[in-house]
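Q: quick one: sequence and predicted model below, then my questions.
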Amino acid sequence: MSERSKMVKKRRKKEKKPPAKKLAFSRRNWMTFMLGIVVIVAGFYALSKGSMTLAPILLVLGYCVIIPLAILIK
């Protein structure tokens, strides 16, 4: 074997595989996301019952606060 091929083999041995990536969402993220889905469903249910004050509050809370919060939590 030539010196070059020995060096290439050594270099390949030194190169390690990158560590396995963890999932971006933790359990806390998923639970917050599910809470947002429940709030949104409750908002649509309230809307179907004719609520003109509670339904928009729940929908805005779910879509604009809880779901983005679930995405941004580390």
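A: It's in.
Q: residues contacting the residue nearest the centre of the chain?
A: Closest residue to the average C-alpha location of the chain: residue 25 at 3.9 Å, with CA atoms, centre = their mean. Contacts for residue 25 (CB atoms under 8 Å, 6 or more residues apart in numbering) come out as residue 33. In short, each C-beta sits where N, CA and C put it, glycine included.
Q: quickly find the element holding it.
A: Under DSSP states H and E, no helix or strand contains residue 25.
Q: and the gap between it and residue 5?
A: 45 Å (CB to CB, to the nearest Å).
Q: from the chain's centroid, how far away is the biggest helix by length in the chain?
A: When the chain is parsed with DSSP state H, its longest helix is helix 27-48. Centroid separation between helix 27-48 and its chain, computed with CA atoms, centre = their mean, to the nearest Å, is 15 Å.
Q: report the buried residues of that helix.
A: By neighbour count on 16 or more other CB atoms under 10 Å, the buried set for helix 27-48 is 29, 32, 33, 36, 39, 40, 42, 43, 46.
Q: lovely, talk soon.
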